[in-house]
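Trainee: Here is my input; please provide its structure:
(chains A and B)
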Amino acid sequence: MATEMNLLERGDVAASSGYESPPPRVGFFTDTSVCIGCKACEVACKEWNHVPEDGLNFTGMSYDNTEGLGADSWRHVAFIEQKVVGTDGSGQDGIRWLMASDVCKHCTHAACLDVCPTGSLFRTEFGTVVVQEDICNGCGYCISACPYGVIDQRHGDGRAWKCTLCYDRLSVGVEPACAKACPTDSIQFGPLEELRARAERRRDQLHRSGVIDARLYGESPDDGVGGDGAFFLLLDEPEVYGLPPDPIVTTRDLPAMYRRAGVAAAALVSVVVLGFGGARR
Amino acid sequence: MGTSLGRGGATTFQQDLQNADWIVIEGSDMAECHPVGFQWVMEAKARGAKVIHVDPRFTRTSAVADLHVPLRPGSDIAFLGGIINYVIQNEKYFRDYIVAYTNAPMLISEDFRDTEDLDGVFSGLDEEDRSYDFHTWMYEGVEVQAASGQRDQEYQDRANRGSQDNPSHGQGKSRQATSYEAGRGESHGSGGVKVGQGGERDDALQHPRCVFQILKRHYSRYTPEMVEQICGVPQEAFLEVCKTLADGAGPDRTGAFCYAVGWTQHTVGVQYIRAAAILQLLLGNIGRPGGGILALRGHASIQGSTDIPTLYNLLPGYIPMPHAHDDENLEAFLEGASTDKGYWGEMKAYTVSLLKAWWGPAATPENDFCFDYIPRLTGSHSTYETVMAQMDGSCKGYFIWGENPAVGSANAKMQRLGMANLDWLVVRDFSLIESATWWKDGPEIETGELTTEDIKTEVFFFPAAAHTEKNGSFTNTQRMLQWHHAAIEPYGSARSDLWFAYHLGRLIREKLTSPAEGCDDLDRPILDLTWDYPTEGSIAEPSAEAVLAEINGWDGDGQPLTSYEQLNEDGSTACGCWIYCGVYTNGVNQAARRKPAKEQNWVANEWGWAWPANRRILYNRASADPSGKPWSERKALVWWDEDNAEWTGHDIPDFARSKSPWHRPPPGARGAEALSGTDAFVMQADGKAWLFVPAGLTDGPLPTHYEPQDSPVPNLLYSQQRNPVRQVFSRKHNRYHPSPSEPGAQLFPYVITTYRLTEHHAAGGMSRWVPYLSELQPEMFCEVSPELASERNLEHNGWAMIVTARNVIEARVMVTDRIRPLRINGKVVHQIGLPYHWGANGYSTGDAANELAALSLDPNVHIQEVKAFSGDIRPGRRPRGPSRVALVEEYIRRAGIDGETGMEVRDGH
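Mentor: Numbers count the residues shown, from 1 in each chain, chains lettered A, B, ... in the order given. You can find the predicted model right below:
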């Protein structure tokens, strides 16, 4: 299936997008095991990228009043309260409070980019996926195409917005604002290959120290989106954090669909042609 | 910490936490409130340290700790006392360390009686004056004087030694009462306490009256069972903490404590920190890498604001503010305040240099260096007593800079009623905070208690410049000065605090008649001031660096000083704050140094500048054994270099560089000269850290568990319910709740604790107007357990009102398992968590938690008890208008509360 067409090829995403000797692909490794939920990433992102404040809404969802990624929230810290087996001898349940900063995944196979009719969404030389707001016509195709529900239309503006992985900062050799602001290095920025190796070491270290639930999410080039440019270390199932367990690039089946549609159309044409031909007969 | 160790600052720095083998965070939600510094806790954890969070609530800190231990708010001394007892009973203390560096071997007076003997109070209690006479707490045969804390306690004893025929000045309660009211000194200080030479000691620690044995007896009933009953901490969890600490101590291992206002804001707040100091000394954790006590400050320069104080009872560098004693002059002041031994023995040099910095050429030996120009204390003028003075009409004017008392101070209503009785009020802030607008839209306007037309206070509002718009320094939580440079000029008419203070002083001076024209003598202190700072730019901003240069000080030739050891008492040096001397060494702003961490060792002495003398770990002489060798290679910090005959190491030694470990002072030596080569606690008058405080504290030599002023729980250790000498105020708007044994107490069955969230700052002036922060925590809310929600029919996301005898507020309800009901003495006690950021103004709004808190204060430092009090909670929104007041009055009536309620000194007797 993955061999059906070059859309799902592995390899250098920037080079295959036409960049000549691009810099190494970069991304985020978000290690949620050290996240303290300070939301500095959310604020730093909004400050740097002039993302508007989007309303005062007391949700009651633990300390999460952002609720999710959207046109006006390019970083989102999830807070998940869980009951666990108590260990203090009181006989009461214990509690675990998971925190995780979510962000655009900058997929290897980015459906948003595939479906964009204006070329507003493009692959940068760093291998990231960015919207050019001055070209976006607000068609919204990208929104339904994203398997993670990340990209979103801004209310009253109509255009699509999402994390740029601070393209402007990368261009001058500075790390993205969220990673810069993160006090505990939960958000780590760097060349993707390095991050993947570091993440595996971190997972193994946690396993050795008894945190057997630690797992990586989005790090594998073999997953349904060809691996994420922004991947995670989680302490529970992805669904717990609001992440799809098995994301697949929504344009994966498009070639086959078009091919089938093409075959069907050709068949239809030939039937019609045959039909008319027959009528003439 | 000042009284225990000699200086009232964090003994360590945040980066050094990475070297700890364990870290206990208690009385602090460090990840929540100090997220940037918390990276070093995470670094320690990554290196294998065990991180323990002891806190009533499961917070962001608990989420990443190895162990969270929930305990009832207000019970920390019982918990820490339990660990002290465990360490002593199991002989887990670092014996060589405590014999060498603490007062554990010292014998205490035969007249001393412990709380074990007197059922919860110490000897010397004067019930009528609500104060202690500390004389029975003394070392045997030695006179002691606190160099920090209530240093002036025995002022009258000594200042009047020549006039024994005037007993009314000398002994007894009038002296005690004066000292108590004036609240001399501050435990945040930099200093030790005076002791005469000698004193008996028992290095075997066996004498029944030695400090160690007294300590052992004092905590002998703080057992795991008792801890479980008082704190609600299961024994299993408690013993896990004990074992972690005890096994992580000794020559090879160290651990650190981090605390914040979760410990200080109690009627026994100072004693909470004392308990931690005792424990850390027993474990040998002070002055060593990975050890120490980190006092986490809640604002960017709170440490700075006690070093160069905004406190009424201190002068710069923790020199006490003089009293309006009869005939007091510089000599009498120094006699009462300085010590014979230790660096406080040099107080005259520090004081005279300060006077020279302020009054320059006008300060001469003939006029006592203008010592008479300093205003005198006549009693306690702490912030809360000032509020009462406003209500009583004796305080007429008020400046509010960087504060929002109408939201951020306890009993917010009294704050506003006080301001409503002023002639004038000046508020400087970024925004129109509640403290600036209460006269037109405050809660009392709505209830009808105040009417705008009837308020005579003239209110001035001045917009303040942000830190990005001004030069200056912050002194952070670890005593480190870091310079910030203005990026832009202030917007519009906003101005820096420095600009405001300087130009206000300039204008006042211009309005006064000059000395040449025969000015009023009363104006001389203002007119003689050296008030000549250069100004810069279009707004005539005073040079912050010129102020720093004056703080650093200079010699007779105007050359910058490099160390406070250069200060003289003859007026030949000037220095605005002796502990900051050296920050402008060689005319270079040392606070502006930014050498990256990777280009130096972890101590990073070349980043910024820390007082004293750029030392980063205080008392680091104690990182070496008495002979000067590190206790272990793993925990080496400074050591004696025999070849070069000097102290050396990774940090700057907190010790005279060339004083050998074998140095013994000659008889009659004074000041720093009197310190021996093993006196590691150089600010203390005996050179030792104090497990037992013979003088310097108003409420006892040893921390003792007392219940908070308003508590639904009886004191299970003693019949004495509360700290007998806590400060309480019987006022119409400041009613206390009945003791748990009294009728009416059941109306306030729940324990309330207040706190901050990462998303907001303090009383909200810097965050509630910021959309990016407001959207992250948009509304006031309360946190309750599912069990309490069910008991009181509280609905998640709905509304609740919270009631005390002071006021009623409303909040959105957050039902969460993070708040746990605690089993106290066989009964379930529920907790209510309240963030205190909100008020009615700004973008994100809500009721202020401080409406509920009473004014009940720690007697040493006059801090309010807002971390533990009792109250009620009900579903629904609070009443509007006059019925808000009626609801509170109804509670007061039903509970039978009057002006006597909760005012008891001695309970059960």
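Trainee: When you work out contacts or count neighbours from here on, use the C-alpha atoms and nothing else.
Mentor: Noted.
Trainee: ok, stretch A:100-109 near chain B or not?
Mentor: No. Under the criterion of Cα under 8 Å from any Cα of the partner chain, stretch A:100-109 makes no contact with chain B; the nearest approach is 12.0 Å.
Trainee: got the end-to-end distance for that stretch?
Mentor: 24 Å (Cα to Cα, to the nearest Å).
Trainee: what's it in contact with?
Mentor: Under the contact criterion Cα atoms under 8 Å, 6 or more residues apart in numbering or on different chains, stretch A:100-109 has outside partners A:7-8, A:13, A:27, A:30, A:32, A:35, A:37, A:41, A:69, A:74-79, A:127-129, A:150-151, A:162-163, A:187, A:221, A:225-231, A:241, A:249.
Trainee: Looking at those, which are in helices?
Mentor: Taking DSSP state H, the ones among those that sit in helices are A:13, A:41.
Trainee: just checking: which of the contacts of stretch A:100-109 also lie near chain B?
Mentor: Among the contacts of stretch A:100-109, the ones lying near chain B by Cα under 8 Å from any Cα are A:35, A:37.
Trainee: residues in contact with the closest residue to residue B:586 other than its chain neighbours?
Mentor: Distances taken as Cα to Cα, 6 or more residues apart in numbering or on different chains put residue B:560 closest to residue B:586, at 6.0 Å, once the chain neighbours are dropped. Contact partners of residue B:560, counting by Cα under 8 Å, 6+ apart, are B:549, B:552-554, B:584-587.
Trainee: Regarding the closest residue to residue B:435 other than its chain neighbours, what are the backbone dihedral angles?
Mentor: In space, residue B:435 comes closest to residue B:406 once its chain neighbours are excluded; the distance is 5.0 Å by Cα to Cα, 6+ apart. Residue B:406 has phi and psi values of phi -70, psi -10 when expressed as degrees, to the nearest 10.
Trainee: For chain A, see how far away residue B:406 is.
Mentor: Per Cα to the nearest Cα, to the nearest Å, residue B:406 is found 24 Å from chain A.
Trainee: Count the neighbours of that residue for me.
Mentor: 28 (other Cα atoms under 10 Å in any protein chain shown).
Trainee: which residues touch it?
Mentor: Shown in contact with residue B:406 (Cα under 8 Å, 6+ apart): B:412-413, B:415-416, B:434-435, B:438.
Trainee: so which of the contacts of residue B:560 would you say is closest to chain A?
Mentor: residue B:584 (30.9 Å; Cα to the nearest Cα).
Trainee: Surely the closest one and residue B:546 touch.
Mentor: No. Contact criterion Cα atoms under 8 Å: residue B:584 and residue B:546 do not qualify, at 10.0 Å.
Trainee: Comparing those two, which residue is more hemmed in?
Mentor: residue B:584 (25 against 14).
Trainee: which residues touch the more buried one?
Mentor: B:548-549, B:552, B:560-562, B:590.
Trainee: Can you tell me how far it is from residue B:613?
Mentor: Going from residue B:584 to residue B:613 by Cα to Cα gives 11 Å.
Trainee: Narrow the contacts of residue B:560 to those that are buried.
Mentor: Burial of the contacts of residue B:560 was assessed by neighbour count (16 or more other Cα atoms under 10 Å in any protein chain shown); the buried members are B:549, B:552-554, B:584-585, B:587.
Trainee: returning to what we had before: and the residue nearest to residue B:586, what are its bridge partners?
Mentor: Here residue B:560 sits in beta bridges with residue B:554, going by DSSP bridges.
Trainee: Centre of the chain to the longest helix along chain A, how far?
Mentor: Assignment by DSSP H gives helix A:254-280 as the longest helix of chain A. Helix A:254-280 sits 38 Å away from the centroid of its parent chain (Cα atoms, centre = their mean, to the nearest Å).
Trainee: Which strands or helices does that helix pack on?
Mentor: With contacts taken as 3 or more Cα pairs under 8 Å, 6 or more residues apart in numbering or on different chains; DSSP states H and E, helix A:254-280 sits against no other helix or strand.
Trainee: For that helix, the averaged confidence score.
Mentor: In this model, helix A:254-280 has a mean pLDDT of 74.
Trainee: Tell me how many other residues crowd residue B:8.
Mentor: Residues near residue B:8, counting by other Cα under 10 Å: 24.
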